[in-house]
Structure formats: C-alpha cells, structure tokens
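> build the 3D model from these lines:
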Amino acid sequence: MRTSFLKIILTNSAFFFLFIFLSELFLGNWLKISPVQTIPNALYKVSEKYDGSHLYNLKEPFIINYSRNKDGYRISGSSNNKKNILTIGGSTTDQRYVSDGETFQDYIYKYLKGEFNIINGGVDGQSTLGHIYSIERWHSKTLNKKNIDTILFLIGVNDIKFVSSEQNKLYINMDDLSIVSRIRFFISNRSFIYKKLKTLKNKFTLSNDKVKKLEIGHGAKLNYINNNQLKEYITLEKYNDNSTNYYYYLFKKLLLTTKEIFPKAKILVVQQQDPKCKFNNQLEFVPTINNYELAGKSWDKQDVISYCQSLGNIFRIQENVLNESDNFKNVTKVRMFIDYPVPKNGFYDGLHTNKIGSKFIADYLFKFIKE
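Presented below is the predicted three-dimensional model:
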C-alpha cells in the first residue's frame, strides 16, 4: 500500500514538473533567447574559477580564471575595435583551463599590437558538425559580418568520430543536434525552474570562493616514448571512401557555409597538432606514447596507432576537399600536425595546452595570420 502511494506521488510530481516546463516553453515567449543558447555545450555570461592543481600536478591550489561575455565569446581586445579575427574549434580553442589573458588568442592580440580583436568562439567537444551549426545559428547572428577579417578553424581531433566507428566509442558527442538533445538544451537555457534548481545545487556543491571542479575529458595520464625510439614511421592506411564520404561533404559544407555568410573573411584551416601522433609527412606517423588513460578509459599502443590513423585520414580528406575546387584557393591550409610546433611541456595532458603551449601556438600561427 505504501509503495503504491509513493508511486502515485512520484508519478504526479513528474507530470506536474513536465507541465511547468511545457508551460514555460510554449507560453513563455517573453523570455529572450540568445543565439548561443541553442549551441550544445556553449557557455555565455560566465565568470568562473577553476582549481587546476590536479591538471598541472601541483600540490597547492592553482586558480584559473575563465570568462565568457553575453554572446558566448572570450574577447581579446576592445569593443571599440571594428577589425576582428574569429577563432573556431573545440576544447583546444576554448582553453577552459587556461586563464584569461594567457590563451593563444591573447598572445596573438598582443603580437598584433591591438590592431585586431581576437574572438574566441571555441566550444568544448564541438566538431565540424557543430561548427557549421554555430556559423549559421550563432556567429552570423551576433557578429557584424563586415568586421570579420579572418576566420581561423583549429580542427581535426573532434572529427575522428566521422571516419572511425571504433574511435567514435571513445568520444561523447558534445555537438549532438538530435531533437532530444535540442529539447534538453532548450529547457536548460529557457526554464526558470531549471535555472533556480541549478543555482541551489551550485550553492551547496561549490566552495565559498566558487572554485569549480574540473570536468571529464581533461587531465589524462600518459608517458611519452623516448625520442631515440621514435624512428620507425608507420604508413597511413588508405581510407574507405564509402565510410568517409560523410565527412568529405561535411567539411566541404563548412567551408562553403563560411564563405557564403562571411564572404570577405580570409579562412585559415589549422590542422591541429596532437602530441600523441608525430607526423613525418602527410602519409607517415609514429605514436609518441605506448599507453594512455583518459576519463577512466585506457588505451594501449594499438589503440593509439588506430587513433593516429584516423586523425591522419581526417587531414587527408580535408586536403582533398581543398584541392578539388577553385572555390577554396583563398583558403589557407596550415599543417600544424606535421610542423609539430608545441613541445611536450606545452601540454597538461594528451591534447590540451597550458599557457606555455598557448604561446607556442600563437608564435606559430602569427606568421600565417600576417600573410
């Protein structure tokens, strides 16, 4: 009897809250929705503090200051400056655990002596699929198209899931645009009740100084192979056209969409460096680690080799798209994965850079931006 009564209460409570949420969705048109609120995993109007001591293997707290404005951007520069460079990518562009003022965008801004604002539009976990959605639904709505001089894409790693079902299992799809995901993100950004419950949760879970815990996906454990052993390069396997056609058209759509919406902007496609895979050229690589652990999942050497194979094929597909049409002659390709400009001490895990790595990236990209 008691169990049945409890079920009735829980069922009615669920229907009550569902009714409230639906009422807010369909009757709450007076609430204003920012374009960035429709982008999965994008943050806006935040000023957070993170303790990065675990990432950086420090015994004392290491406070990281992270902020985004009302439009969802980290801005290096002044609101009065009408010349802008927009950077788009995933977590390696976002740099959640690098403090404001120490990102690669901040360094580039200083190198350009304030001539351009550098707009950080990175979204943790976002792939080319999400970049297209962001170009169409976010950047085109919030930015003055005439004032965007250059758009820089730092991409590669998050696209692996499009060419390898095996590697796809290792990733959470952070730019899932399914109906269920859209409804979930829509509710999380629009519901008054949801926001109040989240505020109450943060009040009890965060410490007094509002320092947040680190999120899953950062802080991997790995050991690099001795440089003397990095001699035998592996030849990249030929990819299956049938399994990679989707990414081929996805990347092509990204470029065409960008050119259509920002016709005057220069486009830089930066094929990002992954410290786990050292490429000798476009067809040869060597894994730099034997094993790897991230978010509770362990990779052995064969997993790393498979990963590098997929990453190399992503860059080959990009190359094919860029070479096939005169439409992309003005797109600059930057082979960062071959040049390998960031040293080992520039990463705090198997992919993400610290402030040392940020400066190396800025030094490397600056010459391409100035061309």
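> got the contact list for the residue nearest the centre of the chain?
Geometric centre of the chain, nearest residue: Gly90, 1.1 Å, by Cα atoms, centre = their mean. Gly90 is in contact with Gly122, Val123, Asp124, Gly125, Gln126, Ser127, Leu154, Ile155, Val157, Asn158, Met174, counting by Cβ atoms under 8 Å, 6 or more residues apart in numbering. In this view, the C-beta of every residue, glycine as well, is placed from N, C-alpha and C.
> next one: Leu256 from Val321, what distance?
With distances taken as Cβ to Cβ, to the nearest Å, Leu256 is found 10 Å from Val321.
> who has more neighbours, these two?
Neighbour tally, Leu256 and Val321, criterion other Cβ atoms under 10 Å: the higher count belongs to Val321, 23 against 15.
> circling back: show me the contacts of Gly90 that map onto strands.
Those of these mapping onto strands are Leu154, Ile155, per DSSP state E.
> where does the protein dip in pLDDT?
1-32, 79, 165-210, 212-217, 228-230, 242-243, 294-296 (pLDDT under 70).
> what about the residue nearest to Ser310 when sequence neighbours are not counted, how many neighbours?
Nearest-residue entry for Ser310: Ser164, 4.1 Å, with adjacent residues in sequence omitted and distances by Cβ to Cβ, 6 or more residues apart in numbering. Look at Ser164: counted by other Cβ under 10 Å, it has 21 neighbours.
> so Ser164 is in contact with Leu311, correct?
No - assessed by Cβ atoms under 8 Å, Ser164 is found out of contact with Leu311, at 9.3 Å.
> and the strands in the stretch 201-350 of the chain?
Applying DSSP state E, counting those that start in this stretch to the stretch 201-350 of the chain gives strands spanning 211-212, 221-224, 234-235, 266-271, 277-279, 284-287, 289-294, 297-299, 331-334.
> elements contacting the fourth one?
In this case it means strand 266-271. Applying 3 or more Cβ pairs under 8 Å, 6 or more residues apart in numbering; DSSP states H and E, one finds that strand 266-271 makes contact with strand 148-155, helix 241-261, helix 301-324, strand 331-334, helix 336-339, helix 355-370.
> so of these, which one's packed in deepest?
With neighbours taken as mean count of other Cβ atoms under 10 Å, the helices and strands packed on strand 266-271 reach their highest mean count in strand 148-155, at a mean of 23.
> related to what we said a few turns ago, the strands of the stretch 201-350 of the chain: which one's closest to His352?
Among these, the nearest to His352 by Cβ to Cβ is strand 289-294 (10.8 Å).
> sheet-wise, list the partners of that closest one with their directions.
strand 221-224 (antiparallel), strand 297-299 (antiparallel) (DSSP bridges).
> Serialize these to CSV and add fields for distance to Leu351 and mean neighbour count.
Shown next, in CSV, are the strands paired with strand 289-294 (distance: least, Cβ to Cβ, whole Å; neighbours: other Cβ atoms under 10 Å):
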stretch, distance to Leu351, mean neighbour count
strand 221-224, 10, 14
strand 297-299, 13, 14
